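[1] Here's a sequence, model it:
(2 chains)
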Amino acid sequence: MTLATRLILGRLLLGLATLLVVSVIIFGAVELLPGDLADEILGQYATEETTAAIRRDLGLDRPAVERYFEWLGAIFSGDLGTSLANRREISEVMASRAGNTLFLAALVAVISVPLAIGFGLLAALYRNTLADRSINAIALSAISIPEFLIAYILIVTLSRTGWFPSFVVIDATTSLVDRIHQSLLPAFALTVVVAAHMMRMTRAAIMNLLASPYIEMAHVKGAPLGAVILRHALPNALAPIINVVALNLAWLVVGVVVVEVIFVYPGLGQLMVDAVAKRDIPVVQACSLFFACVYILLNLAADIGAILANPRLRHAR
Amino acid sequence: MARKLTRRTVLRTTGAAALTFGSGLLSAIDGAAAAAPKRGGHLRLGIGGGHSGDSLDPITFADLFMAVLGAGALYSRLTEVDVDGKLIGALAESWQASPDAATWTFELRKGVTFHDGKPFTSADVIASINHHRGPDSKSPIKQIVDPIESMAADGDSRVVIKLKGGNADFPYLLFDYHLCMMPEGAMGKGIGTGGYVLESFEPGVRAVAKRNPNYYRGDARAHFDSIELINFADIAARTNALLSGGVDIISGVDLKTLERLKSVPGIAINEQTGNKHFMFQMITTNDLYKDNNVRMALKYAVDREEMLEKILYGHGMLGNDHPVGPANRYFDRSLEQRAYDPDKAKFHLKQAGLSSLTVDLATSDGAFAGAVDMAVLYQKSAAAAGITVNVDRVPGDGYWKNIWRVRPFCASYSSGRATEDWMLSSSYLSGVPWNATQWSNEAFDKLLIAARTELDDDKRRQMYGEMQRLIRDDCGVIAPLFTNHVEAHSSKLAHGQVGNASEMDSGLMIERWWFA
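    Okay, the predicted model is just below:
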């Protein structure tokens, strides 16, 4: 077994353990919240009889530990269960929502990763010039402005002109072109946020390397600038860049509730917020497991990417 | 001079008494003209209050989105509160009460079919109402159906409902948006007799429906070819969708930006004062609040005018510390409006043997939007009467479980109810679970029970007037404001007189409006 395979297997096992811990924490946290589904569904209309009937019907009157292990057992047999609130199959509900979320994340990645790395390189190469300073100023402003404000600014500027719809209406029948067109505004809003982070990291990593002796050597031996950057500097800067890209992609999947709400984008974030508000524990659990999986897999991918990019890690000593 | 006659000045100069029932006045001033309805078009609605856990079962209807989609488009009810507040038939053609108002006979409309082609009969009515009944009922309207003793079909198109006690308002209760008529054996599947047939439904996101070609009301109602409801949790997103032309009408307009929205060309506002009201509630069995003088002092310490101006930006009506509103039939306009009076508050404190008073008021924007601001305003106005109000801001999450009916003094709201009896019996009668103030008044209870079986309109009016006075002067409720239902829509939409029983033209906007 090579070092890489061993590492991947080890990480996957650790990942499973992490998922288990996450599920316990989430279940416990939702249990600790005041009130349960019966109270939340009926709200002001709740009477003791009706809430008791709901609890009986859904088994909420049983101890939390028992319900947790029942849920866990079902998960291992591949059953995510049904929503307590409306009895829909969670796998069904989540499939379309997760698809939408991943689509949006992919769209943002396609726009933001080349943009960030390109501008990061540019800023590093022309350090302390006007170009560098303007790129930095823009990036820092973008990081500082909350994403909901960016979203509203985009709506006022790009949607009122009629170029893009201010909200998203997509379902299984929407064509890809239409889907992209509708998703562009939310994608832009998210791009502004993540691209700035990735750009700053790229710039820092490249600048760090440009000061090292072997780059000076490459310059001295007469390698053209492009070759110095692409052949000598970039491969060594990849590990930190891959890490920040992975972190940002993970954030794109789990942390975009605000942008989802503003653009009425039917993603997973809104589903989970709704489910927490109604104490719909199976849905909360399913969403959080999915999010945890995304984090674990992206981190794993970042590790593998870093290993592949670094010959010292690629070959066991 | 005519230009100066705004809705606000009219309200102020003429007082609430000028509001004719059904508030025809408001819609007249809003200038929404009514020509003959026209068929056609695709209506897009931007609505709040949808939820990923929504379902097509009326028992689970909890907010505006499902009320408008379910009760307002897919399903029909037996009766309907018309735009002028009168009760008219929907699936029931007519009804008859026994002299004690305890037995009701409903004649059903003939020749009505469900969306799946099955004919609508008395068995469906009984099954649909039974859906909410029984010991295992999870229905929020269990209280409405609990008084039903028995139901019997008399042929295919007549239902006899026997109540445990008389209730002159019973047919009104059948307009509750949970009481949708569904085919026996297929409850809560979205199959109804309504004007629109469901095409797709993604809970918390969107629903699409097309016109029902066999609609029993024919061309008189349901003028749009197809409808699309989109859930907007965010008020700004909703407003943007309307301004960018993405939707034709939005619910729950932000009162802060309403004046600016009004000035946008192509946008029209529909505003109605209904029964929804904001409250501070004291538990009257609490040691501090059991003395009515303390309660009265707290009531006189409220500056209602200021709250109307600063919380609702004038888009509402002063409340008189009772829950009967302008959309109720027996709303007593002659009852003197309670005003801010620090001296009277001090007088009542003195009567209670107190020189000063300190109270903790639990509040949260989870109770209603503006509850925290309202408490802060109250703090200021009460200080002038020697009352210290400690504003305790609590989390909105779980508010109805942990704060309401638990803390002795807290913010609350009610959407109001279609009938006085329903409102008062559910929340003001001694000992009922929703009597959040635990108020108990023998004279009131007697009147309430007697009014239920009183079929003489004038006598009932007098009785309900007296009950409003009793609540105002004795109960633990401070109700300073009735808030308006406000919708904004494209001026391409047209409508006749608009109902004020609840938001969106009493929830029937899809049925009643059309594209000009």
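
[2] May I have the lengthiest strand in chain B as PDB, with CA atoms only?
    Longest strand of chain B, by residue count under DSSP state E: strand B:267-282. Below are the C-alpha coordinates for strand B:267-282, written out as PDB (Å, rounded to 0.1, in the frame of the first residue of the first chain):
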ATOM      1  CA  ILE B 267     -47.200  49.800  -8.200                       C
ATOM      2  CA  ALA B 268     -50.500  49.900  -6.300                       C
ATOM      3  CA  ILE B 269     -51.100  49.300  -2.600                       C
ATOM      4  CA  ASN B 270     -54.000  47.400  -1.100                       C
ATOM      5  CA  GLU B 271     -54.500  48.200   2.600                       C
ATOM      6  CA  GLN B 272     -57.200  47.000   5.000                       C
ATOM      7  CA  THR B 273     -57.700  47.200   8.700                       C
ATOM      8  CA  GLY B 274     -58.600  43.800  10.000                       C
ATOM      9  CA  ASN B 275     -58.800  42.100  13.300                       C
ATOM     10  CA  LYS B 276     -55.000  41.500  13.800                       C
ATOM     11  CA  HIS B 277     -53.900  43.200  16.900                       C
ATOM     12  CA  PHE B 278     -50.800  43.500  19.100                       C
ATOM     13  CA  MET B 279     -51.000  43.000  22.900                       C
ATOM     14  CA  PHE B 280     -49.200  43.100  26.200                       C
ATOM     15  CA  GLN B 281     -50.800  40.500  28.400                       C
ATOM     16  CA  MET B 282     -50.800  40.300  32.200                       C
END
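
[3] near chain A at all, it?
    No: with CB under 8 Å from any CB of the partner chain as the criterion, chain A is not reached by strand B:267-282; the gap is at least 11.5 Å. The way it works is simple: take the backbone N, C-alpha and C, and place the C-beta from them, glycine included.

[4] ok, that strand: who's next to it in the sheet?
    Strand B:267-282 pairs in its sheet with strand B:409-414 (antiparallel), strand B:477-490 (antiparallel), by DSSP bridges.

[5] Now the element after it, going C-ward?
    Moving toward the C-terminus from strand B:267-282, the next helix or strand (DSSP states H and E) is helix B:292-300.

[6] counting contacts, what elements does that following helix pack onto?
    Packing contacts for helix B:292-300, counted by 3 or more CB pairs under 8 Å, 6 or more residues apart in numbering or on different chains; DSSP states H and E, involve strand B:267-282, helix B:342-351, strand B:357-363, helix B:457-474.

[7] 10 Å - rerun?
    Here helix B:292-300 touches strand B:267-282, helix B:342-351, strand B:357-363, helix B:371-383, strand B:387-393, helix B:457-474, strand B:477-490, going by 3 or more CB pairs under 10 Å, 6 or more residues apart in numbering or on different chains; DSSP states H and E.

[8] Identify each buried residue in the helix or strand just after it, please.
    The helix or strand immediately downstream of helix B:292-300 is helix B:304-310, counting by DSSP H and E. The neighbour-count check on helix B:304-310 (16 or more other CB atoms under 10 Å in any protein chain shown) flags B:304, B:306, B:307, B:308 as buried.

[9] Contacts for helix B:304-310, please.
    Contacts with helix B:304-310, where a contact means CB atoms under 10 Å, 6 or more residues apart in numbering or on different chains, come from B:8, B:11-12, B:278, B:303, B:314-321, B:337-340, B:370, B:373-374, B:376-378, B:380-381, B:478-483.
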